[in-house]
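> Need a 3D model of the following:
(one chain, ligands or ions: 1)
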Amino acid sequence: MIPSEARFWASARKPEEVPLARTPEVAFAGRSNVGKSSVINMLCGRRNLARTGRRPGATRGLIFYSLQDRLGFVDLPGYGYARRSATERAAWKTLVDSYLDGRQALAGVAVLVDLRRGVESEEAELVRFLGERGLPWLWVFTKSDKVPRSKRQARVREVLAGAGSGQAVVCSVPEGEGADDLWRWIEEQSGVRRRK
Ligand code: GDP
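From the prediction side, this is the model:
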């Protein structure tokens, strides 16, 4: 993908603000701070397309990026942030669920999980939701560099075993790990080939 041609396209804080899809889309879901923005930047070869390190839980909606008007990336808002009120959490869930439920263009969902934390109930619930709707999804275990190299493989096996099902790509942004594997999955799901 030609990096400079990945750009911000739209954001939506309410279901009615979600733009009509123009291309196949791949969504990235995960808790605040799991590394979604960093992974999106890594895939696009950009440092600051998606803004990293925002205050966890800072209010924001779904964020849509367009890659050469051929493919969309969608950053789904972080969830599982305890300090939000129940009302805010419910509104967020409605937004995300309505997007996931109604989006014909959605080719797949990358579910990001911090390799150190493993899969928790929110992520397990999300993949159940996706499975029920027949939406392809993939685990992305982030921040693998935070686990000592000698223990990584065992930790990946352990998290996968706990997760019960699914394939995983292991990512480290500082080490550049996982980008090619993730791109391969995105290409398979979306049918859109990356231009290098
Ligand atoms: P988001 O809230 O899910 O979009 O997460 P961000 O991409 O903003 O990342 C949260 C924090 O984790 C930032 O300080 C990032 O620099 C850091 N981070 C993200 N990915 C990695 C990674 O692969 N390795 C390490 N060590 N830090 C990472």
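
> doesn't residue 75 make contact with residue 25?
No - taking contacts as CB atoms under 8 Å, residue 25 lies outside contact range of residue 75: 11.1 Å. Just so you know, the C-beta spots here come from the backbone N, C-alpha and C atoms, and that holds for glycine as well.

> middle-most residue in the chain, spatially?
residue 28 (1.6 Å; CA atoms, centre = their mean).

> Average pLDDT for the helix or strand where that one lies, rounded please.
Per DSSP states H and E, residue 28 falls inside strand 25-29. Strand 25-29 comes out with an average pLDDT of 96.

> Tell me where the chain has helices.
36-44, 86-102, 121-132, 149-163, 179-190 (DSSP state H).

> Name the residues of the chain found near the ligand, please.
30, 32-38, 52-53, 78, 142-143, 145-146, 171-174 (CB under 6 Å from any ligand atom).

> Let's test this: name the helix or strand in the protein with the lowest mean pLDDT.
Least confident helix or strand of the chain, by mean pLDDT, DSSP states H and E, is helix 86-102 with a mean of 85.

> elements contacting the lengthiest strand in the chain?
Assignment by DSSP state E gives strand 106-114 as the longest strand of the chain. Secondary-structure packing of strand 106-114 (3 or more CB pairs under 8 Å, 6 or more residues apart in numbering; DSSP states H and E): strand 25-29, helix 36-44, helix 86-102, helix 121-132, strand 137-142, helix 179-190.

> Dump these to a markdown table, plus distance to residue 10.
Listed next are these as a markdown table, based on distance: least, CB to CB, whole Å:
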| stretch | distance to residue 10 |
| --- | --- |
| strand 25-29 | 12 |
| helix 36-44 | 15 |
| helix 86-102 | 12 |
| helix 121-132 | 23 |
| strand 137-142 | 23 |
| helix 179-190 | 18 |
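
> Identify whichever of the ones you listed lies nearest to residue 157.
Of all the helices and strands packed on strand 106-114, it is strand 137-142 that lies closest to residue 157, at 11.0 Å by CB to CB.

> The closest one pairs with which strands?
strand 106-114 (parallel), strand 168-170 (parallel) (DSSP bridges).

> can you give me how far that strand is from the chain middle?
Per CA atoms, centre = their mean, to the nearest Å, the displacement of strand 137-142 from the mean C-alpha position of its chain is 8 Å.
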